[in-house]
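Asks: here are the coordinates; sequence isn't available:
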């Protein structure tokens with residue numbers, strides 16, 4: 001049975017907040033009448049090559065492997081450099097700096113990325129959680 005926080009429920013506040021995290025996107029096509037998404041542009045259209053930071057919920061709606069509207073760039077916390085840091089010792093990393101919904105957003109990202117990248121993110125999230133949970137249980141036993 002799946003945990004309530006991963007059911008992607010409409011009224012689940014954790015899911016709502018995690019889906020507000022931003023993802024850097026580069027547009028591969030011109031998008032008419034959507035220039036208002038880019039506050040630095042005065043054009044009414046989004047041009048090819050424009051880079052915007054969009055919330056996950058919007059990226060999920062426009063990102064499609066079949067039709068490449070945008071290319072996404074993973075947030076730095078989910079790239080290989082940080083995977084290596086977390087694999088070395090996840091207990092010393094301050095996850096609050098990575099965002100209050102680090103685990104939830106990581107699970108949401110699995111729907112957007114390629115399978116091999118998604119597996120790497122999933123393994124990192126799981127090993128990070130295990131090592132941090134193990135540390136908490138060791139501290140609890142020592143009381």
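Replies: Noted; the coordinates are in hand. The structure presented is a predicted model; accordingly, all values stated were derived computationally and were not measured.

Asks: every contact and neighbour count from this point should use C-alpha atoms.
Replies: Fine.

Asks: list the contacts of the residue nearest to residue 26 when sequence neighbours are not counted.
Replies: Take residue 26 and drop its neighbours on the chain: the residue closest to it by Cα to Cα, 6 or more residues apart in numbering is residue 51, 4.4 Å away. Residue 51 makes contact with 24, 25, 26, 27 under the criterion Cα atoms under 8 Å, 6 or more residues apart in numbering.

Asks: strands along this structure, start to end?
Replies: 22-27, 51-55, 70-73 (DSSP state E).

Asks: how near is residue 115 to residue 96?
Replies: According to Cα to Cα, to the nearest Å, residue 115 and residue 96 sit 27 Å apart.

Asks: point out where this protein drops to low pLDDT.
Replies: 1-9 (pLDDT under 70).

Asks: for it, what's the longest helix?
Replies: Longest helix of the chain, by residue count under DSSP state H: helix 115-141.

Asks: one step back: which of the contacts of residue 51 has the largest number of neighbours?
Replies: residue 25 (21 neighbours; other Cα atoms under 10 Å).

Asks: tell me what that one is bridged to.
Replies: residue 52, residue 72 (DSSP bridges).

Asks: show the contacting residues for it.
Replies: Contacts of residue 25 (Cα under 8 Å, 6+ apart): 51, 52, 53, 54, 59, 70, 71, 72, 73.

Asks: the second one - how many residues pack around it?
Replies: The number of residues packed near residue 52 is 19, by other Cα under 10 Å.
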